[in-house]
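K.L.:
show me the folded form of this:
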Amino acid sequence: MKYLAVRFLLEEDAVGVVEIILILVVLIGLVIIFKEKLTSLVNRIFQKINSQSNSI
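P.N.:
Numbers count the residues shown, from 1 in each chain. As a prediction, the model looks like this:
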């Protein structure tokens, strides 16, 4: 059991975690930068869905 704990601590899987965190930071940054454009795009999509669903 102790061998497994030591092996777990020595693994380099933390590099994958750092990469995921960096990707999330970039995605969040892009959302913040393009927030207004994304909001208007989503609003247009929902308006189109709404108008087309009323015709059914």
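K.L.:
okay, and Asn43 sits in which element?
P.N.:
Take DSSP states H and E as the rule and Asn43 turns out to sit in helix 35-54.
K.L.:
show me how far that helix is from its chain's centre.
P.N.:
21 Å (Cα atoms, centre = their mean, to the nearest Å).
K.L.:
for stretch 33-42, same thing?
P.N.:
Here the centre of stretch 33-42 is set off from its chain's centre by 16 Å, with Cα atoms, centre = their mean.
K.L.:
what mean pLDDT does that stretch get?
P.N.:
Averaging the model's pLDDT scores along stretch 33-42 yields 94.
K.L.:
what residues sit buried inside that stretch?
P.N.:
By neighbour count on 16 or more other Cβ atoms under 10 Å, the buried set for stretch 33-42 is empty. All C-beta atoms are positioned from the backbone trio N, CA, C, and that covers glycine.
K.L.:
and the contacts of it?
P.N.:
Val31 (Cβ atoms under 8 Å, 6 or more residues apart in numbering).
K.L.:
with just CA atoms, put it into CSV.
P.N.:
Taking Å, rounded to 0.1, in the frame of the first residue of the first chain, the C-alpha atoms of stretch 33-42 are listed here in CSV:
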residue,chain,number,x,y,z
ILE,A,33,-13.3,39.5,-24.4
PHE,A,34,-16.2,38.5,-26.7
LYS,A,35,-19.0,38.6,-24.1
GLU,A,36,-21.0,41.3,-25.9
LYS,A,37,-20.8,39.5,-29.3
LEU,A,38,-21.7,36.1,-27.7
THR,A,39,-24.7,37.6,-25.9
SER,A,40,-26.0,39.2,-29.0
LEU,A,41,-25.5,36.0,-31.0
VAL,A,42,-27.3,33.9,-28.4
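K.L.:
from Gln47, how far off is Glu36?
P.N.:
17 Å (Cβ to Cβ, to the nearest Å).
K.L.:
end to end, how far does stretch 29-40 reach?
P.N.:
With Cα to Cα, to the nearest Å as the measure, stretch 29-40 spans 18 Å from end to end.
K.L.:
what's the first helix or strand after the helix or strand bottoming out on mean pLDDT in the chain?
P.N.:
Scoring the helices and strands of the chain by mean pLDDT, DSSP states H and E places helix 2-10 at the bottom, with a mean of 70. Once helix 2-10 ends, the next helix or strand along the chain (criterion: DSSP H and E) is helix 14-33.
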